[in-house]
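Asks: Let me see the structure of the following:
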Amino acid sequence: MSVSQSIRSQLGLVFLVAFLLLAAWLIFWMTGEDDGTDPIPSGEARAPQSLVLVTVDGLRRDALSALGGPRRTPGLDRLAREGVLFLQAATAINETVPALGAISTALYPIDLDLHWDGQALCSGATTLAEHLATQGFTCAAFLGTDVVTEDEDHGLRQGFTTFRVSTGPEGSAQELVERALRWLEGPSKPTFLWIHLSDPTTPYAAEAKDPEGDILFPVRPSWRESDRLRFLRGRIDHDEIVELYRDRVADVDGAVSRLVGGLSEQGRLESTLVTLTGTYGESLGEHEIYFDHYGLYDPVVMVPWILRGGVPAGVQVKSLVKTIDLVPTVCALLEVPRLSVPTPAQATPRAEDVSPLWAPEGDHAARTRIALIEQAGSLAGAGRTNHNKFIISLQPTTEYPHLQWTPNTIWAYDIEGDPEELTDRSGEFPTLIDDFAQQFGVLVAHRHDPCPE
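Replies: Below is the predicted model of the structure:
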């Protein structure tokens, strides 16, 4: 192991220790919290035969009009209206490769040792595609992103017999959906189709308004000269740029409408489970983080999640869920065996089947739900509950020094009373380290490790 690898390994262990300490504190502090979910009759629903998964980089929760967004999103709203919409869904990390790795394996990035886009999902981790392939599904993926390629798939190809990656205009939401629908015309047996979109991430426009103009917003320093922010040159109106972001969301919305229409035309819609979620959101200036998915605040870490097919229509689930809950939930709805992920009784809760949340006989109030969220490439993390957010950092951020993430400090926010996360309430909570050292040791000892060196 090189010196740099050794340092990264040590830093990763330090972060894991602190991050799981935060989890231990949250479990202790939040035990018995009412999650606020109202039982909703499930109705009659047949098990779907096939699966379509749509993941979207940069899709904020409030980008959907069904979740309070200012611009109508009829395609996404239809999906939500005809199925289950989760009002509070948290991602596991705010970068593409580790977020997709976590979604596809039902494990946290800290379990996978997958913390930024330059890393790869190891072959020892079983993905949803690999699992469904053993159940007789034909699996295909169509990705629109510049983060991975077909040659450098970062481990995301595992389980797919068809794996296509496109960039530029060919990687747009509309183009990918058309390509995916053409592929669906072939297979006759159950299919798993994954479509990954990145339209709502920078650049929101193809060209700069003034190629010689300055970037007037305090953007991430390492991005300032990059192609992804060139579109900001000459643009000074913040509202105009936000509208460009919403244009890209509208592109996704139109593609979702086309996807649902295409499934209906092929006679597949009523036998297909369609699920859509954001990999992470996008900060449009909150906490002075402009046009970026950095940070652990709700505009970045809370995303939409919708299920349609094999579920009751018109259901809104209030309880907190996690994007890593997608795999066990999908397996339950497809009535296939659950993907085996070891979960020792002493370990921090990972993924769970959340379908009981809308069943009238489900246990809706007595369970503690905590989402752990990692800041990609940085020794910082967060814990999110139904009502609170906790952020811990082990090092200052060089990307956004104004955040003043003092090492070894915990910030606490009351999400219900302070949804913009402006007032730190950590002074209202007790000191944690001594009290939770023992629990912390148990958590570290029971870390999932599907990828041993």
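Asks: Go ahead and confirm residue 174 touches residue 257.
Replies: No - assessed by Cβ atoms under 8 Å, residue 174 is found out of contact with residue 257, at 10.1 Å. C-beta coordinates here come from the backbone N, C-alpha and C atoms, glycine included.
Asks: surely residue 313 meets residue 85?
Replies: No - counting by Cβ under 8 Å, no contact exists between residue 313 and residue 85, whose distance comes to 10.4 Å.
Asks: The two: which is more packed in?
Replies: Higher neighbour count among residue 313 and residue 85: residue 85, with 23 against 12, using other Cβ atoms under 10 Å.
Asks: ok so that one is a strand residue?
Replies: Yes - under DSSP: H, G, I helix; E, B strand; the rest coil, residue 85 sits within a strand.
Asks: Now do it against residue 335, distance only.
Replies: 22 Å (Cβ to Cβ, to the nearest Å).
Asks: Okay, now the unreliable bits of the stretch 351-453 of the chain?
Replies: For the stretch 351-453 of the chain, the stretches with pLDDT under 70 are 360-368, 429-453.
Asks: which stretches of it form strands?
Replies: Residue ranges of the strands in the stretch 351-453 of the chain, as given by DSSP state E, counting those that start in this stretch, are 371-374, 380-384, 388-393, 409-414.
Asks: Quick check: which element contains the spatially closest residue to residue 333 that is not a sequence neighbour?
Replies: Using Cβ to Cβ, 6 or more residues apart in numbering and skipping residues adjacent in sequence, the residue nearest residue 333 is residue 310, 4.7 Å away. Per DSSP states H and E, residue 310 falls between elements, in no helix or strand.
Asks: quick one: residue 310 and residue 273 touch, right?
Replies: Yes - using Cβ under 8 Å, residue 310 is in contact with residue 273, at 5.3 Å.
Asks: Least confident secondary structure element in this protein?
Replies: Lowest on mean pLDDT, DSSP states H and E among the helices and strands of the chain sits helix 433-445, with a mean of 39.
Asks: Mark out where each domain of this structure begins and ends.
Replies: 7-36+365-445, 50-334 (automatic domain parsing).
Asks: Am I right that residue 350 is in contact with residue 107?
Replies: Yes - assessed by Cβ under 8 Å, residue 350 is found in contact with residue 107 at 6.2 Å.
Asks: Those two - which one has more neighbours?
Replies: A count of neighbours by other Cβ under 10 Å puts residue 107 above the other of residue 350 and residue 107, at 27 against 21.
Asks: Which element, helix or strand, includes the more buried one?
Replies: Residue 107 belongs to no helix or strand, assigned by DSSP H and E.
Asks: can you check residue 194 too?
Replies: If you go by DSSP H and E, residue 194 is part of strand 191-197.
Asks: any idea of the mean pLDDT for that strand?
Replies: The average pLDDT for strand 191-197 rounds to 98.
Asks: Report the buried residues of the helix or strand that that strand is followed by.
Replies: Of the helices and strands lying after strand 191-197 in sequence (DSSP H and E), the nearest is helix 238-265. By neighbour count, with 16 or more other Cβ atoms under 10 Å as the criterion, the buried positions of helix 238-265 are 241, 244-246, 248-260, 262-263.
Asks: Can you spell out which helices and strands pack onto helix 238-265?
Replies: If contacts are counted by 3 or more Cβ pairs under 8 Å, 6 or more residues apart in numbering; DSSP states H and E, helix 238-265 sits against strand 50-56, helix 74-81, helix 173-184, strand 191-197, strand 272-278, strand 283-284.
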